[in-house]
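>>> Pasting the sequence and the predicted coordinates here, then a few questions.
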Amino acid sequence: MDAVIDLKALLVEREDCDAGTVQKLREGLAQGGNQFKSLREVTQLLAKKIESSPPAVAKKLHLKLGIANYFLGFMNQSAENLKHAEVPLGYFYHGRALANLQQHEEALKALDRAEKSGYSAPQVQLQRANVYRLKGDWTHARSILSKLEELASHSAEFHYQSALCTLAEGDKAKALKSLEKAIEFDPGHTGALFQLGYFNDLSGNDHEAISFYERCLKYPPVHKGTLNNLGVLYEDNAKYDKAVECFNRLLQADPNDDRARLFLKDASASLTMHYNPEEEQSSTIFRQVLEVPVTDFELSVRSRNCLKKMGIRTLGDLTRITEASLLASKNFGETSLDEIKNIMGAKGLRIGQSLEQGMQYEMRYRPQQQLSPEEQAMMNKPVSDLNLSVRARKCMNRLSILTIGELVSRTADELLEAKNFGQTSLTEIREKLTELGIKLRGD
């Protein structure tokens, strides 16, 4: 086992700070354990030393403090310190910190200073491509990368930037190959690890996504998206203690992150909740039975037509209507009623069962003829058009909700019954629907 790198000796006791120092710092943080805590203590020592140091020494200390803050993820503090470090390495990381803060024009100026003062031109060009990509200027970013093709034989950053440009161009398969190439050249490339985690996350490959996100944590700076997505995945997989840890880290980095605070509240509550897998399985099977279409059964023509006219599509709909309401329908008589009761009984259900349990009947879908063409088009849109957060999106998948119409057919209480669907997700969905001028059933 490699000896633990002494970060205090590296950054406080050693006078110089260069590219080798940065590499050693990354290696030290990758060792985990108390290394992040040690680096925070180092920043406190450096800040105190700056206060009592002459200008020439202070500039070197600002460089070290700026680099340390960069890898801790404190970009504002990093940029503030690095603007005093008038050396190529300082200009380069100042540009990267400003890019993270979305101060694109200032980032480009800092990178210009880095190159003019002698920092590696290809590395500066890669970061320029990154800034233009972040600005949304994909053409300029791609133009820069096309002049750096010689880096394809060894540069992880080149393949990472190329992957994100390729992804913007719509070629996901090629982008994935570039990301895998980046990891091949640098197994600790945080950006590539995050993107691979995100691809797997979107595809529902939770185990692979968690593995990539966890690897990101070893190679700082750790961005908020990593902790947020990993926390949600941990919660989805009943690893509530780890989810709490992720959301706590988000709040440490940004005490004003209200979303992280709400997610932390949900995850903390889950720690004390009793979960019975057998009950979950039973509940899932029951919900699946309720969603069985009535057209799956060999009904008489009269019964089938009557149910269609009433807008009754599933067995669940039959649990939310009374026998009297069925009999009140034109041409629906005792024979049809007995036919339906036999089908329901075979599935362990009863007509009006949900009403008996205190649920107010409300048709899940309005008959199509009551909707205008514009309203029907909106109802048929995929729920993905709402651009929901990772947590809310996963809940939609778990509930098999594919369209906006299927979503608004649910009540808030029905959504809250879903595993890991908390008040935060409910609030988000209500806000998205309000933007479209529609609401959940019962709101």
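Everything's here; your move. The structure presented is a predicted model; accordingly, all values stated were derived computationally and were not measured.

>>> For the stretch 201-350 of the chain, which segments count as helices?
According to DSSP state H, counting those that start in this stretch, the stretch 201-350 of the chain carries its helices in the segments 206-218, 224-236, 240-253, 258-271, 277-290, 301-309, 315-318, 323-327, 334-346.

>>> Return the distance of Asp236 relative to Asn228.
13 Å (Cβ to Cβ, to the nearest Å). (C-beta placed from N, C-alpha, C; glycine too.)

>>> Ignore what I typed, I meant Asp338.
55 Å.

>>> Among the two, which residue is more densely surrounded?
Asn228 (21 against 11; other Cβ atoms under 10 Å).

>>> so who does the more buried one touch?
246, 250, 259-260, 263, 390 (Cβ atoms under 8 Å, 6 or more residues apart in numbering).

>>> Looking at those residues, which is nearest Lys49?
Nearest to Lys49 among those: Leu250, at 30.1 Å, using Cβ to Cβ.

>>> Give me the spatial nearest neighbour of the closest one, chain neighbours excluded.
Ala260 (3.8 Å; Cβ to Cβ, 6 or more residues apart in numbering).

>>> ok, that neighbour - contacts?
Per Cβ under 8 Å, 6+ apart, neighbours of Ala260: 228, 247, 250-251, 254.

>>> Buried ones among those residues?
Those of these that meet the buried threshold are 228, 247, 250-251, by 16 or more other Cβ atoms under 10 Å.

>>> so which pair among those residues is furthest apart in space?
Asn228 and Leu251 (11.4 Å).

>>> State the pLDDT value of the residue nearest to Leu250.
Per-residue pLDDT puts Ala260 at 80.

>>> ok so, going back, let me have the helices of the stretch 201-350 of the chain in JSON lines, extended by distance to Ala129.
Conversion of those to JSON lines gives the following (distance: least, Cβ to Cβ, whole Å):
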{"stretch": "helix 206-218", "distance to Ala129": "21"}
{"stretch": "helix 224-236", "distance to Ala129": "20"}
{"stretch": "helix 240-253", "distance to Ala129": "27"}
{"stretch": "helix 258-271", "distance to Ala129": "31"}
{"stretch": "helix 277-290", "distance to Ala129": "48"}
{"stretch": "helix 301-309", "distance to Ala129": "59"}
{"stretch": "helix 315-318", "distance to Ala129": "53"}
{"stretch": "helix 323-327", "distance to Ala129": "65"}
{"stretch": "helix 334-346", "distance to Ala129": "63"}
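
>>> and those helices, which one's lowest on average pLDDT?
The bottom spot among the helices of the stretch 201-350 of the chain, by mean pLDDT, belongs to helix 277-290, with a mean of 59.

>>> Not counting its neighbours along the chain, what's nearest Met396?
That would be Val383: by Cβ to Cβ, 6+ apart, it lies 5.2 Å from Met396.

>>> let me fix that: His94
Using Cβ to Cβ, 6+ apart, the closest residue to His94 is Leu82 (3.8 Å).

>>> Do you know the pLDDT at the one you found?
For Leu82, pLDDT reads 96.

>>> Could you do Met363 as well?
Looking at Met363, the pLDDT reads 36.

>>> Verify the stated contact: Gly188 with Pro220.
No: using Cβ atoms under 8 Å, Gly188 makes no contact with Pro220, being 9.8 Å away.
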